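[1] sequence and predicted structure, then a few things I'm wondering about:
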Amino acid sequence: MTGPNPATPQPASGGPLLPGETLLWSGQPLQGLVFGSAEKFLLPFSLLWGGFAFFWNATVWAMGAPLLFKLFGLPFLVVGIYMIFGRFIVDSRRRARTHYAVTDQRVLISEGNGANIRSFPIEALPALEMVETAGGQGSILFGQQSMTAQMGMQARGWPGVATPAEFFRIENVRQVYELIRKTAEARRKKS
C-alpha cells in the first residue's frame, strides 16, 4: 500500500480532511492511454464514423461543392476526430488530475486537482464491489452503478458523462478494498 500522496491537492483551509481524521491510503488511477471493454464497440464505430466523415469532406471539398455542403460535413469530421483520438486525451488528462483517498471516516474522490471533491462516509457506503485485473490492478466501485457500467460499457472521456463513484484502475486493489471493508466494519461497530 502506498502512503499519503504529496501531489494530492490541499485547499488553503488545511486540506479536505476533517478534524481528527486520519489518512489511511491515497493514490491515483492508472495513467496514460487506457482501453476499456467498451472499446470493442466504440473503436470500430469511431473508425467508421471518422472514415466516412473524412471521405465526405475530402470529396465535397475536392469537387468544389457549394459552401453549405462543405460546412455541413465539418461538424461530423470534428466529432469523428474526437471519437478516434480526442476522447483518449480528455480521459488521460482527467485521470492525471484525479486523486483518491481513504481515511478512517470517509472515502474521497478528488477530480480536477481539487476542484470537485466527492466524499462518502465509509460506514454508509451502499455497496462495495471490486474488479481485479492482471498484476493486482483493478477498480473499486461504490454504490449502485449505471446499466452501462454494469455491462462494462462505461465510456470514459465523453463530454457531459459523469464519472462513476469508483477508484478506477488503482494498484494493489485487493489491499485497498480490504482496507475500506475493514475500516467500514470497525466504524459500524463503534456506532
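    Noted; the coordinates are in hand.

[2] shouldn't residue 119 be within a helix?
    No. Counting by DSSP: H, G, I helix; E, B strand; the rest coil, residue 119 is not part of a helix but strand.

[3] tell me which helix or strand comes right after the least confident helix or strand in the chain by mean pLDDT.
    None of the helices or strands of the chain scores lower by mean pLDDT, DSSP states H and E than helix 147-150, at a mean of 52. Per DSSP states H and E, helix 147-150 leads on to strand 166-170 as the next helix or strand towards the C-terminus.

[4] can you list the residues that contact that next one?
    For strand 166-170, contacts defined as CB atoms under 8 Å, 6 or more residues apart in numbering pick out 27-30, 34, 95, 98, 100, 109, 133, 137-142, 173, 176. To be clear about C-beta, it is placed using only N, CA and C from the backbone, and glycine gets the same treatment.

[5] now, which of those lie within strands?
    Judged by DSSP state E, these include 27, 100, 109, 138-142 as members of strands.

[6] low pLDDT regions in this protein?
    1-15, 144-163 (pLDDT under 70).

[7] domain assignment for it?
    Annotated domains of the chain cover 39-91, 100-190 [automatic domain parsing].

[8] just the terminal-to-terminal distance for the first one.
    Okay, so that is domain 39-91. Taking CA to CA, to the nearest Å, domain 39-91 runs 13 Å from one end to the other.

[9] in stretch 77-90, what's buried?
    77, 80, 82-84, 86-88 (16 or more other CB atoms under 10 Å).

[10] ok, which pair from those residues is furthest apart?
    Spatially, the most separated pair among the buried residues of stretch 77-90 is 77 and 88, at 17.7 Å (CB to CB).

[11] dump the residue contacts of residue 20.
    For residue 20, the contact set (CB under 8 Å, 6+ apart) is empty.

[12] next one: residue 138
    The neighbours of residue 138, taking CB under 8 Å, 6+ apart as the test, are 130-132, 169-170, 173-174.

[13] let's see 6 Å
    Residues in contact with residue 138 (CB atoms under 6 Å, 6 or more residues apart in numbering) are 131-132, 173.

[14] name the nearest residue to residue 70, sequence neighbours excluded.
    Take residue 70 and drop its neighbours on the chain: the residue closest to it by CB to CB, 6 or more residues apart in numbering is residue 60, 5.5 Å away.

[15] contact partners for the one you found?
    Residue 60 neighbours (CB under 6 Å, 6+ apart): 69-70, 73.

[16] and which of the residues you listed is nearest residue 45?
    Closest to residue 45 out of the contacts of residue 60 is residue 73 (18.2 Å), distances taken as CB to CB.

[17] circling back to that earlier point, now the contacts of residue 60: which count as buried?
    Neighbour-count burial (16+ other CB under 10 Å) applied to the contacts of residue 60 gives residue 73.
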